[in-house]
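Colleague: Build me a model from this:
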Amino acid sequence: MLCIAAALLLPAVPQSLEYHHFADRRALWGIANFLDVASSLGFLIVGMAGLVIVFGGRAQFAFRSERWPYAVFSSARC
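Modeller: Model (predicted):
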């Protein structure tokens, strides 16, 4: 509760316009700043692997309803 009050009452932290100048400005395969955004592929792969494990029958759950929290967690990685 204290964090919410602080966020509402304190002034915003200024951000430099240089923040948006990423380290890699090259485009590859039509994707701007490719090497800056390519790290997201790892998260996509791990999230998809989690969904395959949860819904592919490899994971053993006591109740079918237990699959959904794991599925939501895995899909948040995608």
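Colleague: where does this structure dip in pLDDT?
Modeller: Scanning the chain for pLDDT under 70 picks out 22, 78.
Colleague: pull the longest helix from it.
Modeller: helix 40-55 (DSSP state H).
Colleague: List the buried residues in that one.
Modeller: 47, 50-51, 54 (16 or more other CB atoms under 10 Å). The C-beta positions use only the backbone N, C-alpha and C, and glycine is treated the same way.
Colleague: likewise stretch 24-41?
Modeller: Per 16+ other CB under 10 Å, stretch 24-41 contains no buried residues.
Colleague: can you tell me how far Phe73 sits from Phe34?
Modeller: 28 Å (CB to CB, to the nearest Å).
Colleague: before we move on, what about Arg77?
Modeller: 21 Å.
Colleague: hang on, the earlier thing: now the very next helix or strand once past the longest helix of the chain, how far from the centre of its chain.
Modeller: Counting by DSSP states H and E, the next helix or strand C-terminal to helix 40-55 is helix 67-77. In terms of CA atoms, centre = their mean, to the nearest Å, the centre of helix 67-77 is found 12 Å from the chain centre.
Colleague: And for helix 67-77, what's in contact with it?
Modeller: 43-44, 46-51, 53-55, 59, 61 (CB atoms under 8 Å, 6 or more residues apart in numbering).
Colleague: Including distance to Leu9, could those go into CSV?
Modeller: Below are these laid out as CSV (distance: CB to CB, whole Å):
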residue, distance to Leu9
Phe43, 34
Leu44, 38
Val46, 38
Gly47, 37
Met48, 42
Ala49, 43
Gly50, 39
Leu51, 41
Ile53, 45
Val54, 42
Phe55, 45
Ala59, 45
Phe61, 45
